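Just a sequence and a predicted model for now, questions to come.
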Protein chains: 2
Amino acid sequence: MPLVVKKFGGTSVGNLDRIRNVAKKVKKAVENGEKVVVVSSAMSGETDKLLEYCYSLSKRPNPREVDQVVSTGEQVAIGLLSIALQEMGIPAVSLTGWQVPIETDDIHTKARIKHINSKRIKEELDKGKVVIVAGFQGIDKNGDITTLGRGGSDTTAVALAAALKADICEIYTDVPGVFTADPRIVPEAKKIPIISYEEMMEMASLGSKVMQIRSVEFAAKYKVKIHVRSSFNDEEGTWIMEENEEMEKVAVRGISHDLKESKITVVKVPDKPGIAAKLFKTLGDKNIVVDMIVQNVSHEGYTDISFTVNKTDADYAEDIAKEVAKEVGAAGVDRNDKIAKISVVGLGMKTHAGTAGKMFDVLQKEGINIYAISTSEIKISCLIDEKYAELAVRALHEAFIEDKDVMVID
Amino acid sequence: MPLVVKKFGGTSVGNLDRIRNVAKKVKKAVENGEKVVVVSSAMSGETDKLLEYCYSLSKRPNPREVDQVVSTGEQVAIGLLSIALQEMGIPAVSLTGWQVPIETDDIHTKARIKHINSKRIKEELDKGKVVIVAGFQGIDKNGDITTLGRGGSDTTAVALAAALKADICEIYTDVPGVFTADPRIVPEAKKIPIISYEEMMEMASLGSKVMQIRSVEFAAKYKVKIHVRSSFNDEEGTWIMEENEEMEKVAVRGISHDLKESKITVVKVPDKPGIAAKLFKTLGDKNIVVDMIVQNVSHEGYTDISFTVNKTDADYAEDIAKEVAKEVGAAGVDRNDKIAKISVVGLGMKTHAGTAGKMFDVLQKEGINIYAISTSEIKISCLIDEKYAELAVRALHEAFIEDKDVMVID
């Protein structure tokens, strides 16, 4: 009997009819002989509504209390899903994060899973029940509710699949799978049938919205086989699994873009050792994740340091940068929210040279200026003006994905 | 420093402005030197909305899952209240039922509190925080969320006051206190300044809606001093406390009515020993609380047995009565939902004779037929047709409360 973890996002459980629809899907799986653990997000809109309540009462609400409030969204969804399943004659039980328990650290609103105690889930499965677990949430050592941050339900699903040694982790979503680019921007974008963890991590972190990056990291670490698919039909979606030789034959798997970052620049910093270290250590201490970093060439003993952070952290990061700027005698701090990060991703880059050159060439031909570049073994990212984001993605998709003949340059 | 438990009902926290208003009240109390534990209900309408979801998915949803869903209502309210208080500079922390923990039995949707572990609350109070506890909910020995049933937040407040040995338990509500009758029916009804636990229990159980009966039982048992008052102004409300001689001087404290019961009659039961016992034991085993019982005089070896139950239990009770009727060879089962129970309540009845006679006299003069009578030391209840309920309450209020001259008959 295969054990399958099935994760349903907020849209899939967006209203009572959709909850019934999910229950039908699960019923079918049970009747096909699967042992099923369901992970559910909150009904779509609920989390935003609850967050709005919190932020109406305070500009900086206590994160512990935000988690207390927001975590109710999934709790409602799992209870309702359990009721719907039982109504169809399928024994089921819902468990919140603390009931599992899913133990996390105490960084509220973006906690990390430390340990999953799978005893109760196994007991309930052994009783022949479908176990429905609240995504996105856990409990810290103080007995307080934590949440994993946006998209955290994916992480819950993958972590549960790992802890339970499940055969498959199915991520049901409102799109048919992972695409070579955002289909809303590139109508020619195609569904990717199979993608490696590493590629998916780059795609996810770069804004492909289908899965949260941490969940893919988890999957890679514990070799959890993921199947991302539509909750509205039975078609195959995209499999995310360990890389193999076949995968390397494609240089570029997809083009992704990310509008979620802000660029912050500390202007005219005295070019002395330790200043950059001080800035980024302070940001790190405050749990702010810095993505790209560029330091200009020193000019008359001064330099500019730019970095990008998630827009949600930008206010805080700007404050910190201003403090550090004052301390070290810099001229000031600039901020630009109108930027985009465009990336090409593919395992094949490891063996196919020339991808970077081709990318810069394509952008240059479109007259797009590049502010910063970052690379890994399997991706190249360029920071550009937000207004060129769609143009850049279309041009790169055409050059790397659609035009098979010129895919490999060297 | 007095320790005060303050309970706010759903209307008091019905929207964000009202939550701010509650926070202001609590802030004022803290600034006046009170140590405060707040108990909050769900925002008004939330519990009903969540119940509607559950019952849309199933006519008889699993009670464990109903509790899982419904308990989120208070969780949202306490988190928001904590955020509002912290925004006003008052340190606060919210705790759900399981976080306290408030341990209950496992009778879902109408659980009883077994034990309150007050360790965490005391620790948080010692840190100078206002502790905000979710009303209406607890946790059973399986680690599942339970709810105490409608009005259970009062019980939470009183039980917490008892466990913490609080000086006062304040019940904030949308009415100014306990009245001599429902003011919507009797415009002459007056606020009662002070009432004994025993009287209040009779008033509460008879439908005075201000406080749930179990909470008053709890208060009586642990001698918790209660102050029921309006959440919209600072006026004194009604104090509920131990009886004293002064209280006995009033024969009738108030008139209450209850439209929440149904009468079920098992018709033409063979008049043999053990049949009534069988019926009521079966009902008791199913956790159905029976209120009034009337057995008619036997006629040709047959008798009718009538009893009343809460309307929410009536379907279930009717089913059980039908089964038992079949087993014992009774003719069938009748049900009447259009009944009312009208009661006069007062400590003074212990020493003032003639109240019953006067009550029957008043009802007879209005032409109201009495189906059943039940009495205790301090109350007399009559079961009548629902359509006469308001008339009966008005006539009894006039006779016993307004007309001071003839109050004591003997």
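Now that the structure is in, tell me what you want to look at. Quantities reported herein were computed from a predicted structural model and do not represent experimental measurements. Numbering: from 1, shown residues only, chains lettered A, B, ... in the order given.

Could you count how many residues lie near the residue of the stretch 101-250 of chain A found nearest chain B?
Among the residues of the stretch 101-250 of chain A, residue A:143 lies closest to chain B, at 5.8 Å counting by C-beta to the nearest C-beta. The C-beta positions use only the backbone N, C-alpha and C, and glycine is treated the same way. Neighbour count for residue A:143, taken as other C-beta atoms under 10 Å in any protein chain shown: 15.

How about it: what's its closest non-neighbour residue?
residue B:99 (5.8 Å; C-beta to C-beta, 6 or more residues apart in numbering or on different chains).

May I have whatever helix or strand residue A:75 lives in as PDB, with CA atoms only?
Using DSSP states H and E, residue A:75 sits within helix A:72-87. Provided in PDB are the C-alpha atoms of helix A:72-87 (Å, rounded to 0.1, in the frame of the first residue of the first chain):
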ATOM      1  CA  THR A  72      -6.600  29.400  12.600                       C
ATOM      2  CA  GLY A  73      -7.000  29.600   8.900                       C
ATOM      3  CA  GLU A  74      -5.600  26.100   8.300                       C
ATOM      4  CA  GLN A  75      -7.300  24.800  11.400                       C
ATOM      5  CA  VAL A  76     -10.700  25.600  10.000                       C
ATOM      6  CA  ALA A  77      -9.800  24.100   6.600                       C
ATOM      7  CA  ILE A  78      -8.600  20.700   8.000                       C
ATOM      8  CA  GLY A  79     -11.600  20.400  10.300                       C
ATOM      9  CA  LEU A  80     -14.000  21.000   7.300                       C
ATOM     10  CA  LEU A  81     -12.100  18.600   5.100                       C
ATOM     11  CA  SER A  82     -12.300  15.900   7.700                       C
ATOM     12  CA  ILE A  83     -16.100  16.500   8.000                       C
ATOM     13  CA  ALA A  84     -16.500  16.300   4.200                       C
ATOM     14  CA  LEU A  85     -14.500  13.100   4.000                       C
ATOM     15  CA  GLN A  86     -16.400  11.400   6.900                       C
ATOM     16  CA  GLU A  87     -19.600  12.500   5.200                       C
END
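
buried set for that helix?
Neighbour counts over helix A:72-87 (16 or more other C-beta atoms under 10 Å in any protein chain shown) mark A:72-87 as buried.

pLDDT of it, averaged?
Mean per-residue pLDDT for helix A:72-87: 98.

Pull the CA coordinates from the helix or strand just after it and hand them back as CSV.
Going down the chain from helix A:72-87, the next helix or strand is strand A:92-95, by DSSP H and E. Once non-C-alpha atoms are left out, strand A:92-95 reads as follows in CSV (Å, rounded to 0.1, in the frame of the first residue of the first chain):
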residue,chain,number,x,y,z
ALA,A,92,-10.6,10.8,8.8
VAL,A,93,-9.1,12.9,11.5
SER,A,94,-7.6,16.4,11.4
LEU,A,95,-4.5,17.5,13.3
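
ok, back up a step: before we move on, what SS does the residue of the stretch 101-250 of chain A closest to chain B have?
Three-state call for residue A:143 (DSSP: H, G, I helix; E, B strand; the rest coil): coil.

ends of stretch A:227-239, how far apart?
5 Å (C-alpha to C-alpha, to the nearest Å).

can you give me the offset of it from its chain's centre?
Taking C-alpha atoms, centre = their mean, to the nearest Å, the mean C-alpha location of stretch A:227-239 is offset from the chain mean by 18 Å.

So which bits of it are buried?
Per 16+ other C-beta under 10 Å, stretch A:227-239 contains these buried residues: A:227-232, A:237-239.

and it, what's its mean pLDDT?
92.

likewise stretch A:100-118?
If you average the pLDDT over stretch A:100-118, you get 95.

residues in contact with that stretch?
A:63-64, A:66-67, A:120-121, A:133, A:137-142, A:144, A:146-149, A:155-156, A:159-160, A:163-164, A:214, A:218, A:287 (C-beta atoms under 8 Å, 6 or more residues apart in numbering or on different chains).

Let's see that with 6 Å instead.
With C-beta atoms under 6 Å, 6 or more residues apart in numbering or on different chains as the test, stretch A:100-118 has contacts from A:63-64, A:66-67, A:138-140, A:146-149, A:159, A:163-164.

Can you show me the CA trace of it as PDB?
Output in PDB follows, covering the C-alpha atoms of stretch A:100-118 (Å, rounded to 0.1, in the frame of the first residue of the first chain):
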ATOM      1  CA  VAL A 100       1.100  16.300  15.400                       C
ATOM      2  CA  PRO A 101       3.400  17.900  16.800                       C
ATOM      3  CA  ILE A 102       5.500  19.600  14.200                       C
ATOM      4  CA  GLU A 103       8.300  21.200  16.300                       C
ATOM      5  CA  THR A 104       9.900  24.400  15.100                       C
ATOM      6  CA  ASP A 105      12.200  27.000  16.300                       C
ATOM      7  CA  ASP A 106      10.700  30.200  17.800                       C
ATOM      8  CA  ILE A 107      11.200  32.600  14.900                       C
ATOM      9  CA  HIS A 108       7.500  33.600  14.600                       C
ATOM     10  CA  THR A 109       6.000  34.100  11.200                       C
ATOM     11  CA  LYS A 110       9.000  32.400   9.500                       C
ATOM     12  CA  ALA A 111       9.800  29.400  11.700                       C
ATOM     13  CA  ARG A 112      11.800  26.400  10.600                       C
ATOM     14  CA  ILE A 113      10.800  22.800  11.300                       C
ATOM     15  CA  LYS A 114      13.100  21.100  13.700                       C
ATOM     16  CA  HIS A 115      11.500  17.800  14.200                       C
ATOM     17  CA  ILE A 116       8.300  15.900  13.400                       C
ATOM     18  CA  ASN A 117       7.000  13.400  15.900                       C
ATOM     19  CA  SER A 118       5.100  11.000  13.600                       C
END
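
next one: that stretch to chain centre, how far?
17 Å.

and what of stretch A:266-279?
31 Å.

now the residue lying farthest from the centre of chain A: how far from residue B:234?
Farthest-out residue of chain A from its mean C-alpha position, per C-alpha atoms, centre = their mean: residue A:300, at 41.6 Å. Using C-beta to C-beta, to the nearest Å, we find residue A:300 at a distance of 68 Å from residue B:234.

count of neighbours near the residue of the stretch 251-400 of chain A found nearest chain B?
In the stretch 251-400 of chain A, the residue found nearest to chain B is residue A:315; the distance is 17.8 Å by C-beta to the nearest C-beta. Residue A:315 has 13 neighbouring residues, counting by other C-beta under 10 Å.

One more: the one 10 residues further on?
Neighbourhood size, residue A:325 [other C-beta under 10 Å]: 21.

Having no further points to raise, I will conclude here.
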